[in-house]
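In: Give the three-dimensional model of this entry:
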Amino acid sequence: MQPDQLILKRTNNSNPDFKYLVSHLDALLTEVNGDEDAFFAPQNILDPINTAIVAYYDGNPVGCGCFKKFNENSVEIKRMYVNPEVRGKGIASAVLSELENWAKEIGFTTMVLESASKLTNAHALYYKKGYQRIPNFGNYAGIESCLCMKKELSS
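Out: Numbers count the residues shown, from 1 in each chain. Okay, here's the model as predicted:
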């Protein structure tokens with residue numbers, strides 16, 4: 001991948017390209033979550049958020065992610081998605097790295113996330129990037145179809 005083919009844009013969750021990508025993510029999650037989708041849907045509604053990333057590949061919006069404050073030292077990664085036709089090009093890794101850098105810039109030291117247990121490709125990315133599995137937190141506690149992870153950010 002040529003460096004000029006991938007552009008990461010810091011934005012907010014009202015960005016039309018972010019919304020477009022999230023609509024595809026929601027469709028995927030509805031399929032993955034099946035009967036449990038009604039439980040997960042409210043977890044994915046975000047208040048206005050100013051820490052979103054949109055990835056553009058060859059000028060097209062192809063990936064996204066964002067984070068929200070989890071506690072005083074931590075943020076929670078939300079809405080990570082890359083279009084299937086461009087997966088395997090390092091886009092998700094680039095988005096995740098940019099989210100981590102942004103969180104560090106504004107003073108956070110830890111990233112947490114929740115992922116559907118069926119999304120093993122996502123888990124592989126998170127493990128590769130240094131995330132470790134933790135007990136399910138918050139509304140995800142006791143939900144077997146969830147996998148929660150954490151990463152301490154280096155300074």
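
In: Name the helix or strand of this protein that has the lowest mean pLDDT.
Out: Least confident helix or strand of the chain, by mean pLDDT, DSSP states H and E, is helix 37-40 with a mean of 59.

In: Now find how far off-centre whatever helix or strand comes next after that one is within its chain.
Out: Per DSSP states H and E, helix 37-40 leads on to strand 52-57 as the next helix or strand towards the C-terminus. How far strand 52-57 lies from its chain's middle: 12 Å, per CA atoms, centre = their mean, to the nearest Å.

In: Can you name the residues in contact with strand 52-57?
Out: 5-13, 15, 17-18, 21, 61-66, 79, 82, 86, 89, 91, 94-95, 98-99, 102 (CB atoms under 8 Å, 6 or more residues apart in numbering). In this view, the C-beta of every residue, glycine as well, is placed from N, C-alpha and C.

In: rerun at 6 Å
Out: With contacts defined as CB atoms under 6 Å, 6 or more residues apart in numbering, strand 52-57 is touched by 5-9, 11-13, 17-18, 61-66, 86, 91, 95, 98-99.

In: Now list the buried members of those residues.
Out: Burial by neighbour count, judged by 16 or more other CB atoms under 10 Å, picks out 6, 8, 11, 13, 17-18, 61-66, 86, 91, 95, 98-99 from these.

In: Go through the longest helix that the chain contains and flag the buried ones.
Out: Criterion DSSP state H: the longest helix present in the chain is helix 16-33. Buried residues in helix 16-33, counted by 16+ other CB under 10 Å: Asp17, Phe18, Leu21, Val22, Leu25, Asp26, Leu29, Asn33.

In: Same check on stretch 118-132?
Out: Applying a neighbour-count criterion of 16+ other CB under 10 Å, one finds Leu119, Ala122, His123, Leu125, Tyr126, Tyr131 buried in stretch 118-132.

In: Which of these sits closest to Phe137?
Out: Nearest to Phe137, judged by CB to CB, of the buried residues of stretch 118-132 is Tyr131 at 13.6 Å.

In: and the closest one, what does it touch?
Out: Residues near Tyr131 by CB under 6 Å, 6+ apart: Met149, Lys151.
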